[in-house]
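Participant: my questions are about this predicted structure, shown below with the sequence.
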Protein chains: 4
Amino acid sequence: MRFFSDNAAPVHPAVFAAMAAADAVDAAYDGDALSRALDARFSALFGRDVAVLWVATGTAANALALAALVPPHGATICHRDAHVQNDEGGAPEFFTHGAKLLLADGPGAKLTPDAVAAVADAIPADVHRVQPHALSITNATEYGTVYTPAEVAALAALARARGWGVHMDGARFANAVATLGCAPAALVDGVDVLSFGFVKNGGLSAEALVFFRADLADATRRRRKRSGHLLSKGRYLAAQLHAMLDGGLWLDNARAANAQARTLAAAAGGRLLHPVEANELFLRVDPDEATRLRAAGFGFYDWAPGEIRLVTHWASPPDEVAALADAIARL
Amino acid sequence: MRFFSDNAAPVHPAVFAAMAAADAVDAAYDGDALSRALDARFSALFGRDVAVLWVATGTAANALALAALVPPHGATICHRDAHVQNDEGGAPEFFTHGAKLLLADGPGAKLTPDAVAAVADAIPADVHRVQPHALSITNATEYGTVYTPAEVAALAALARARGWGVHMDGARFANAVATLGCAPAALVDGVDVLSFGFVKNGGLSAEALVFFRADLADATRRRRKRSGHLLSKGRYLAAQLHAMLDGGLWLDNARAANAQARTLAAAAGGRLLHPVEANELFLRVDPDEATRLRAAGFGFYDWAPGEIRLVTHWASPPDEVAALADAIARL
Amino acid sequence: MRFFSDNAAPVHPAVFAAMAAADAVDAAYDGDALSRALDARFSALFGRDVAVLWVATGTAANALALAALVPPHGATICHRDAHVQNDEGGAPEFFTHGAKLLLADGPGAKLTPDAVAAVADAIPADVHRVQPHALSITNATEYGTVYTPAEVAALAALARARGWGVHMDGARFANAVATLGCAPAALVDGVDVLSFGFVKNGGLSAEALVFFRADLADATRRRRKRSGHLLSKGRYLAAQLHAMLDGGLWLDNARAANAQARTLAAAAGGRLLHPVEANELFLRVDPDEATRLRAAGFGFYDWAPGEIRLVTHWASPPDEVAALADAIARL
Amino acid sequence: MRFFSDNAAPVHPAVFAAMAAADAVDAAYDGDALSRALDARFSALFGRDVAVLWVATGTAANALALAALVPPHGATICHRDAHVQNDEGGAPEFFTHGAKLLLADGPGAKLTPDAVAAVADAIPADVHRVQPHALSITNATEYGTVYTPAEVAALAALARARGWGVHMDGARFANAVATLGCAPAALVDGVDVLSFGFVKNGGLSAEALVFFRADLADATRRRRKRSGHLLSKGRYLAAQLHAMLDGGLWLDNARAANAQARTLAAAAGGRLLHPVEANELFLRVDPDEATRLRAAGFGFYDWAPGEIRLVTHWASPPDEVAALADAIARL
């Protein structure tokens, strides 16, 4: 009974079916009909013109996004706990040729305009200091909390006022939208680039890098190639994205994952370290308790001393979730 | 009837089946059983200990290989027509942080020890000149010719004598092995890193980066992550590689592609610009003739004024190949 | 009466004289006799074999040092207030091709083994996290405090135990040695590379990059060229270094600067934010008081709200220092 | 009697005097009056508004220029024998983060529009191929020949028509102007950035990076800092440039060097491999003859089998030049 990560979830059958169907398509790279249809498909979803590139990983999506917004001599402001800072092996620095990440604080891995301004205001504009060029936020956050549309808009307005770009790491964007019940477009007001995740949500190897400023897409196509991310059989990635959008599968899957997390949250009660607003839970669990949970067959990661992380996904077996909820309640 | 590229070939059913079966495997990144079995699997194939990483593209494989062999202030010697120089959007320079490619000549995109030595000997050892640190050769080459085991060994010996690493771009390594009828190991004598291609040969999105010097693999694992190439659902890539090795599928597919190319070569006769030793043909065809072939329903790329390229693949329909052979013969 | 920075101090006459004398020397780059004598000269100073490269700026020295110790996918641990983090426009990231700086805390811009270990211990060894490869400390520090030989050795021992390299930013190394009264060698126990500063201390444009591990110097010579730092008339830089070492001028100048700082410190009393152990003072001074000091003709930088920085140098006019001391005492 | 390189020439006394006078100036970096006066000074020289940054080496000047014109995923077209390709240790690739240099041919290290167009026209615009973004030419060239104003303008017009930037490596710009007798402005028609060399021409450590498009200067100021090239005592570099412009010293020195070269050229006659239009000579001299010249006390570099290079400079002793001319004539 594995609650390690949504990264390890199976692939949705509809995704496999779409890939098999792509066998009939036969142009290489992103010249095929499925890839070429992505702009229109996501433009319809967001109700505005967007340019969309498939990429195989969220790390590549995030790093390409930052490279589109920040010159090598610039910086991105992000949360101290951001995935781009901690979990991508230095990919942002690689793709941006060494631009810095400047770290701001906030509970639940969420930034506020005040926290961001405090970081920026401490930096004189001279050449000795690296200057911010972008703000990167994660929604849902690394701690399973969610920025509301108003919170995103406020941060984006601050960035805009200072001439920065705005990136949203949406590895779990679907989970955020599912929780908020808003239109996708409502959650990206002022965002320039969205890493729209599908792999954790039933996909196999396709994320969508969504540019709300189409002028940023052209150089990114070159950076995608230059970083080895232009797969020759791109049609099988495009097919995954189409399958996920068909009939709102992306949202159904996210709702399922979130529901399972809420079940666990209800059992966890006062052990919760952060509000459960997506599909991740962070619990106060002492080492002895963790040992007992593991002995009962549950797999999960320790997060910090006395803390564990649980992650549900679109295909988490309800009986396993129920069993874990029960085990937590009985700790 | 498309003869543009083996990149656009369909995925072999066995590959899809293996991917579907990987749904039952559930560790993320490369921690799953399929990924962890790759070293042993390829070690058996080559009859010696190798370390193997899956990557999604040949460009990533090549660029990671060069980054393992060449420091940013160094250079790689390769053929003027090498894929790494011309067709990867600058990926080698990106992954190596700006190491240079030094270009040597030779017919059929093949290098000789003399040609390589001539480039190297012209470079004084001082700090003003960028020094060679690696040799990169492609087998089968960009012009569909093949290095024999003896030719590879002679080049590798030269490199070794000068303290350089040796990389082989094996995007069509299978086609070369199929043509030569040798053991795979015989074709990599002295090679440090092989980009072993599967995508053009029936795979979907998995190439094998094979390190014959295992000490080079560790830092490469970090570079793979840092470049966004550590897919979270890596088991589906590992599954592809296993499927291709099962029962020698990789070799069967390459033999099929090569046989189709030979059929076309027989029809092309004196039009051939290079010996046909793999699955690519370069033909002398004037613009009027090219127009007639296209009018007859055949798709292919112009390569240079008066030259066209034809590529066959594992699934090239025999009737289409026969039709094209006939059309060429009647030009 | 300027107390902005020792960067703006004049050049010592002996330095100019040595440069003029170098006119008679005539090999380019670092092939001249003066440049070639640096290894021996500094080896004598430190009582052990060192390899020395001149560079024109402390920023280049620091960044080349880090590039010698840290791969692009690695990290350096340094103090949150380190010059490499805050004041070099991203040079460390440029020269290391994007290696990260991981920030640790400590009063007076000084690190302790505990603070460093706390940063490192929070980083799992997996490929998702960038791993530390070096420790960088500054002596004298950015707040004008000094690491003792024992403190340096303890930090270096920690680094060594974890397999990291050790860099010392010694932009004001002379001031630290002057304060401690120790042998230079005593202050670099366990250090791999020292950026030995002379420009703030009477030089014009030459710092010494001192490698206590000579194996690191060769690639650095290539990086120096590649970064445009191999001046063609290097003999004029080497001449500066020789002049600074002649008769212990470097130490005399540092003692003079430190003495002036102590004069100011005595006047500042309880306003001091950090111990004055070199030639920088940080004072608690409210805006009104700062205005009065400026009105009296004293120039200096605001450092933070309610804080000012004062810097003395080898040629600070004693009467100006006395006047400032008096003005501070009367605030 | 050394004819190795103008790099090894002494510093002109007026340059030293100006540096000594800069002792009275006391703002750090480029905030001093001398540095701030450079824009106006060079604007007057060129008769149009320019932005000027001092840098310590020609390599840094060239690499910063290319970084201002070419993105990491782009390329510069230059001559196969260009200094940026062969003699800067990979600095262009370092500063541009791996942009490629694409090599064109032409006698005397000179490019023609046809040669440049041939390189560019062979590159499809797709993402697989790195695209040209700039043209870099050297005047005087690496073989001591000179582009006329009309030749520069024709190349620049081609570049402009294709949307590329134009860089001129003017390490010996003074020698070219001296030979042509034209206004400096006449020789930079269509040029965006000029590396204006002074170090080979009597300076010590200051080159002028001249931006004819001021919008390129701002990011370059950050790159200069980030590459460690913002010297803290920049006033001593600015002083050198002012001294070189005072009274046309730069042109006097270049005329002197050129005159000496012409003396040698007259003696060399049919041995000359290239026209002597600046201060470098390339002579056909067999090994035995070279040995005899060296035995007679003349120092110089072998350039290629059977070829030697001789370089004169502003301070080449006329008697030594006469002696060498005589020795050559008597070979």
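Facilitator: Arrived safely, thanks for sending.
Participant: could you use CA atoms for every contact and neighbour count after this?
Facilitator: Will do.
Participant: what's the local residue count around A:R330?
Facilitator: 9 (other CA atoms under 10 Å in any protein chain shown).
Participant: and what of A:D114?
Facilitator: Residues near A:D114, counting by other CA under 10 Å, number 14.
Participant: what sits against the closest residue to A:P287 other than its chain neighbours?
Facilitator: Closest residue in space to A:P287, ignoring its immediate chain neighbours: A:G306 at 6.3 Å, by CA to CA, 6 or more residues apart in numbering or on different chains. Shown in contact with A:G306 (CA atoms under 8 Å, 6 or more residues apart in numbering or on different chains): A:R284, A:V285, A:D286, A:P287.
Participant: what sits against the closest residue to A:D26 other than its chain neighbours?
Facilitator: The shortest distance from A:D26 to any non-neighbouring residue, by CA to CA, 6+ apart, is to B:A8 (5.1 Å). Counting by CA under 8 Å, 6+ apart, B:A8 touches A:D26, A:A27, A:A28, A:S232, A:K233, B:K200.
Participant: would TSV of those with secondary structure and pLDDT be doable?
Facilitator: Converted to TSV, the contacts of B:A8 look like this (DSSP: H, G, I helix; E, B strand; the rest coil; pLDDT from 0 to 100):
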residue	secondary structure	pLDDT
A:D26	coil	79
A:A27	coil	90
A:A28	coil	92
A:S232	coil	96
A:K233	strand	97
B:K200	helix	97
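Participant: so which of those is the most crowded?
Facilitator: A:K233 (30 neighbours).
Participant: and the helices in chain A?
Facilitator: With DSSP state H, the ranges of helices along chain A come out as A:13-21, A:33-36, A:38-46, A:58-69, A:83-86, A:91-95, A:113-121, A:149-161, A:173-180, A:217-226, A:235-245, A:249-268, A:287-295, A:318-329.
Participant: okay, these, which one's buried deepest?
Facilitator: The highest mean neighbour count among the helices of chain A, using mean count of other CA atoms under 10 Å in any protein chain shown, belongs to helix A:91-95: a mean of 29.
Participant: need the contact partners of the helix or strand of chain A with the lowest mean pLDDT.
Facilitator: The weakest-scoring helix or strand in chain A, judged by mean pLDDT, DSSP states H and E, is strand A:301-304 (a mean of 93). The contact list for strand A:301-304, computed with CA under 8 Å, 6+ apart, reads A:F4, A:F282, A:I308, A:R309, A:L310.
Participant: ok, those vs chain D, which is closest?
Facilitator: Relative to chain D, the closest of the contacts of strand A:301-304 is A:F4; by CA to the nearest CA it sits at 37.9 Å.
Participant: burial count for whatever residue of the stretch 1-150 of chain A ends up closest to chain C?
Facilitator: Closest approach between the stretch 1-150 of chain A and chain C, counting by CA to the nearest CA: A:G98, at 3.9 Å. Using other CA under 10 Å, A:G98 has 30 other residues around it.
Participant: which residue packs closest to A:D81, ignoring adjacent ones?
Facilitator: Nearest to A:D81 is A:A109, by CA to CA, 6+ apart, at 5.9 Å.
Participant: residue contacts, that neighbour?
Facilitator: With contact taken as CA under 8 Å, 6+ apart, A:A109 is in contact with A:H79, A:R80, A:D81, A:A82, A:T141, A:E142, A:Y143, A:T145.
Participant: quick check: the residue of the stretch 201-331 of chain A found nearest chain C vs A:P92, distance?
Facilitator: For the stretch 201-331 of chain A and chain C, the shortest gap (CA to the nearest CA) falls at A:A304, measuring 9.0 Å. Distance from A:A304 to A:P92, counting by CA to CA, to the nearest Å: 25 Å.
Participant: show the pLDDT at A:L69.
Facilitator: With respect to pLDDT, A:L69 scores 98.
Participant: residue in the stretch 51-200 of chain A nearest to chain D?
Facilitator: A:V127 (5.4 Å).
Participant: just checking, that residue touches D:A219?
Facilitator: No: taking contacts as CA atoms under 8 Å, A:V127 lies outside contact range of D:A219: 9.4 Å.
Participant: what's the end-to-end length of stretch A:67-74?
Facilitator: 10 Å.
Participant: wait, does that stretch contact chain C?
Facilitator: Yes: applying CA under 8 Å from any CA of the partner chain, one finds stretch A:67-74 in contact with chain C at A:H73.
Participant: that stretch and chain B in contact?
Facilitator: No: Stretch A:67-74 does not reach chain B (CA under 8 Å from any CA); its nearest approach is 12.5 Å.
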